[in-house]
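Enquirer: All I have is the shape, not the residue letters:
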């Protein structure tokens, strides 16, 4: 009924931001009435390695390639397709998607606290791998990169002279990936 009333006043697409927990725990039959689904999605692009997490330094860090990340992300395509199928084949937009420019964060893209060395290339590779992985899925509408700008001052994002370790992409290799894909699309 809420969606019905909203449509009387609003003529643009209506969506709902679901979570992993909500889509598993509840029927959500009313999602049939929205135009598309919204999903805050931070998929890992590498298996979690606690030894690496606990011991990474500038000297020991390894940047995963786009191909390595795509291989790990490939199974996530099936997940997106199954979610769409479950909810009346609604398309899905990732309303939050991203990773910090900090080495190893591809194991936990949602993490904003881990203090690890700057790695702008890993962030760029994650963006490229995500776009290449989901681009041709008919169910996928695209993503909104988290975060475009940073208003919170987090000291551990600024303690590496090589670069800002936050989610933003300005002035980092991921900015060029975004520009290239924007032109392509």
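Expert: Looks like it arrived, so ask away. Note that the coordinates shown come from a computational prediction; the quantities given were computed from them, not determined experimentally. Numbers count the residues shown, from 1 in each chain.
Enquirer: So which residues of this protein form helices?
Expert: Secondary structure of the chain, counting by DSSP state H: helices at 2-9, 20-25, 50-55, 66-86, 120-134, 173-184.
Enquirer: could you dump the ones you listed to JSON lines with mean neighbour count, distance to residue 147 and mean pLDDT?
Expert: For every residue, glycine as well, the C-beta is placed using N, CA and C. JSON lines is the format used below for these (neighbours: other Cβ atoms under 10 Å; distance: least, Cβ to Cβ, whole Å; pLDDT from 0 to 100):
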{"stretch": "helix 2-9", "mean neighbour count": "10", "distance to residue 147": "28", "mean pLDDT": "95"}
{"stretch": "helix 20-25", "mean neighbour count": "11", "distance to residue 147": "21", "mean pLDDT": "77"}
{"stretch": "helix 50-55", "mean neighbour count": "10", "distance to residue 147": "22", "mean pLDDT": "92"}
{"stretch": "helix 66-86", "mean neighbour count": "16", "distance to residue 147": "20", "mean pLDDT": "95"}
{"stretch": "helix 120-134", "mean neighbour count": "24", "distance to residue 147": "12", "mean pLDDT": "98"}
{"stretch": "helix 173-184", "mean neighbour count": "14", "distance to residue 147": "12", "mean pLDDT": "96"}
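Enquirer: For residue 33, find the nearest of the ones you listed.
Expert: helix 2-9 (4.5 Å; Cβ to Cβ).
Enquirer: That closest one: how far from the chain's middle?
Expert: How far helix 2-9 lies from its chain's middle: 30 Å, per Cα atoms, centre = their mean, to the nearest Å.
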